[in-house]
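>>> Sharing a model that was predicted from the sequence below.
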Amino acid sequence: MQSPRRNAEGRPLGTCDPSSSGSPAHGGGSRFEFQSLLSSRMPGADPTSARLRASESPVHRRGSFPLAGAGSSQALPPQLPEEDRIDLNPSFLGIALRSLLAIDLWLSKKLGVCAGESSSWGSMRPLMKLLEISGHGIPWLLGTLYCLSRSDSWAGREVLMNLLFALLLDLLLVSLIKGLVRRRRPAHNQMDMFFTISVDKYSFPSGHTTRAALVSRFILNHLVLAIPLRVLVVLWAFILGLSRVMLGRHNVTDVAFGFFLGYMQYSIVDYCWLSPRTAPVLFVLWNQP
Ligand SMILES: CC(C)=CCC/C(C)=C/COP(=O)(O)O
């Protein structure tokens, strides 16, 4: 059986022979592989730059691989266990995602103009915080419960019951995703938000944005409004989303995904629409004295 530290010719695997099978990037036991690993383990080193260095290096090219220690007595590192190796051929998707993330962070920092009182648009911060309250879960939940208690028509009660269901579904899904993804809020954010729950230390997705998208789609579908008011509802949702980035609470991708999720949540609510026919118990219970 082949020793884990030697190749078929009995040569230590760290001494790389270009004629040996497999590319240096894929477990040929290259010296470069070891260097990448070292650099990735150095404090502050990150695997991305190690990969980039790998792709820039001449040793990465097939055919130009130097005979690192071949035929010499230089001691080379032992072959690395599979799980310790770094993939020197990052996929196109990996590069695209990393680039998108870098653009996201850069753009979010640039747009975070109300992140503090001393920021370039710091004087707009109170207005942004007012917008923040307009999309907060507490006023929406309390407002819906209040209207539900005052509603005297079946039709009104049905719509409000579904709005309540939508708001609760939104809280549940956003908390679930925030807890799973655990993306930290931007470094420039001041954590001075009104009434947060534990998962609100995370930023993906933006809960205010999902709520804004969900509620505005709900209103547009269930309230008869004049065109200017309909435009106002859409503008409110859009500006609320933008204000999350301007306040420094979120990155752009948190808000973009928030819009998408809120929009989809309405489709779920619409599909599971609660009515006296589909959920009679709920409506009977609500009408008990
Ligand atoms: C506790 C309740 C009912 C709602 C929490 C609302 C809240 C603070 C959400 C966080 O929103 P962002 O993710 O947009 O910062």
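That came in fine, so what should we check first? Residues are numbered from 1 along each chain as shown.

>>> Need the nearest residue in space to whatever residue of the stretch 1-150 of the chain ends up closest to the ligand, chain neighbours excluded.
Using C-beta to the nearest ligand atom, the closest approach of the stretch 1-150 of the chain to the ligand is made by residue 137 at 2.9 Å. Bear in mind the C-beta positions are built from the backbone N, C-alpha and C, glycine included. Closest residue in space to residue 137, ignoring its immediate chain neighbours: residue 171 at 5.9 Å, by C-beta to C-beta, 6 or more residues apart in numbering.

>>> number of nearby residues for the one you found?
Residue 171 has 18 neighbouring residues, counting by other C-beta atoms under 10 Å.

>>> Phi and psi next, for it.
phi -60, psi -40 (degrees, to the nearest 10).

>>> again with residue 202
According to degrees, to the nearest 10, residue 202 has phi -100, psi 160.

>>> What of the one 5 residues further on?
For residue 207, the backbone dihedrals are phi -60, psi -40 (criterion: degrees, to the nearest 10).

>>> what does the chain put close to the ligand?
Contact residues, the chain versus the ligand (C-beta under 6 Å from any ligand atom): 136-138, 141, 171, 193, 195-197, 200, 206-208, 244, 249.

>>> Now the buried members of those residues.
136-137, 171, 193, 200, 206-208, 244, 249 (16 or more other C-beta atoms under 10 Å).

>>> Hmm, which of these is lowest in pLDDT?
Within those, residue 193 has the lowest pLDDT, namely 89.

>>> so what are the domain limits for this protein?
The chain breaks down into these domains under automatic domain parsing: 24-90, 117-286.

>>> Let me see the mean pLDDT of the shortest one.
Average pLDDT, domain 24-90: 45.

>>> one step back: residue 214 is in contact with the residue of the stretch 1-150 of the chain closest to the ligand, correct?
No - counting by C-beta atoms under 8 Å, residue 137 stays clear of residue 214, with 11.2 Å between them.

>>> residues shared between the contacts of the two?
Jointly contacting residue 137 and residue 214 under the rule C-beta atoms under 8 Å, 6 or more residues apart in numbering are 167, 170.

>>> Give the other helices and strands that the helix or strand where residue 220 lies contacts.
Residue 220 belongs to helix 207-222 when assigned by DSSP states H and E. Under the contact definition 3 or more C-beta pairs under 8 Å, 6 or more residues apart in numbering; DSSP states H and E, helix 207-222 sits against helix 137-150, helix 154-181, helix 227-246, helix 252-271.

>>> I'd like those helices as JSON lines, with distance to residue 281 appended.
Output for the helices and strands packed on helix 207-222, formatted as JSON lines (distance: least, C-beta to C-beta, whole Å):
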{"stretch": "helix 137-150", "distance to residue 281": "16"}
{"stretch": "helix 154-181", "distance to residue 281": "12"}
{"stretch": "helix 227-246", "distance to residue 281": "32"}
{"stretch": "helix 252-271", "distance to residue 281": "19"}
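
>>> one step back: ranking the domains of the chain by burial, who's on top?
Burial of those is given as mean neighbour count (mean count of other C-beta atoms under 10 Å); domain 117-286 ranks first at a mean of 17.

>>> Contact partners for the nearest residue to residue 239 once chain neighbours are set aside?
Residue nearest to residue 239 in three dimensions, not counting chain neighbours: residue 131, with 6.5 Å by C-beta to C-beta, 6+ apart. Residue 131 makes contact with 239-240, 243 under the criterion C-beta under 8 Å, 6+ apart.

>>> right, and out of the residues you listed, which lies closest to residue 220?
residue 240 (15.2 Å; C-beta to C-beta).

>>> Surely the closest one touches residue 209?
Yes - judged on C-beta under 8 Å, residue 240 makes contact with residue 209 at a distance of 6.8 Å.

>>> pretty sure residue 212 is touching residue 244, no?
No - judged on C-beta under 8 Å, residue 212 makes no contact with residue 244 at a distance of 9.3 Å.

>>> Give me the contact list for stretch 215-226.
Stretch 215-226 is touched from outside by 140, 159, 162-163, 166-167, 230, 233-234, 236-237, 262-263, 266, 269-270, with contacts defined as C-beta under 8 Å, 6+ apart.

>>> who are the neighbours of the strand or helix carrying residue 284, in terms of helices and strands?
Using DSSP H and E, residue 284 sits within helix 280-286. On a contact count with 3+ C-beta pairs under 8 Å, 6+ apart, helix 280-286 meets helix 154-181.

>>> Appreciated, that's everything.
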